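Colleague: Sequence first, then the predicted structure, then my questions.
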Amino acid sequence: MANTALCIRCGSFKRGFQDQCQACGFTPKDESDIVKSRILDRPYCFSVGNDGDVVETGRSRRELLEIAEQIKGGQSYKFDEEEFAAVLQVYREARKITPAQLMIDLAKWVAPPIAVALSFIALYLWKGHA
């Protein structure tokens, strides 16, 4: 995977937005730093809430290069308050999902195709013996 995210502290590129920066050692840990780090990564869309709203965040490679120079030059990056709030909401909702809920959701998506495949196999075996 290419280095796609910027370190919000020093402006160096790093592999992923939650990874430790190899240049300065900073790792985003609190939710504010994690959200800011997600914003300074490649573009991504999140579905949020039960109404299907979409939150778009991230920056193009060109934008990230410009922001990197800004941060390296000692200027702080001004995060858009509305975008920050939307990504923060997505982050908080994602943190609420339990492993048990993930397994239930996985079963809901995987069980129907498996049932269909088993039905076709049973039909094939049944027809072969008839």
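Modeller: Yes, it's here. Numbering: from 1, shown residues only.

Colleague: Could you tell me which residues within the strand or helix carrying residue 63 count as buried?
Modeller: According to DSSP states H and E, residue 63 maps onto helix 61-72. The neighbour-count check on helix 61-72 (16 or more other Cβ atoms under 10 Å) flags 64, 67-68, 71 as buried. (Glycine included, C-beta is placed from N, CA and C.)

Colleague: Which strands or helices does that helix pack on?
Modeller: Judged by 3 or more Cβ pairs under 8 Å, 6 or more residues apart in numbering; DSSP states H and E, the packing partners of helix 61-72 are strand 5-6.

Colleague: again, only using 10 Å
Modeller: Other elements packing on helix 61-72 under the criterion 3 or more Cβ pairs under 10 Å, 6 or more residues apart in numbering; DSSP states H and E are strand 5-6, strand 13-14.

Colleague: For the helix or strand following it, what does the pLDDT average out to?
Modeller: As assigned by DSSP H and E, the chain's next helix or strand after helix 61-72 is helix 81-96. Averaging pLDDT along helix 81-96 yields 90.

Colleague: Show the average pLDDT along the helix or strand just after helix 81-96.
Modeller: Later in the chain than helix 81-96, the nearest helix or strand by DSSP H and E is helix 99-129. Averaged across helix 99-129, the pLDDT comes to 84.

Colleague: helices or strands next to helix 99-129 in the packing?
Modeller: Using 3+ Cβ pairs under 10 Å, 6+ apart, helix 99-129 sits against no helix or strand.

Colleague: and the nearest residue in space to residue 6 that is not next to it in sequence, how far is that from residue 60?
Modeller: Spatial nearest neighbour of residue 6, excluding adjacent residues (Cβ to Cβ, 6 or more residues apart in numbering): residue 40 at 4.1 Å. Using Cβ to Cβ, to the nearest Å, we find residue 40 at a distance of 11 Å from residue 60.

Colleague: What of residue 54?
Modeller: Taken as Cβ to Cβ, the span from residue 54 to residue 60 is 18 Å.

Colleague: before we move on, the earlier item: and residue 40 and residue 60? which has more neighbours close in?
Modeller: residue 40 (25 against 10; other Cβ atoms under 10 Å).

Colleague: Hmm, residue 17 and the more buried one touching each other?
Modeller: Yes. Counting by Cβ atoms under 10 Å, residue 40 does reach residue 17; the two are 7.2 Å apart.
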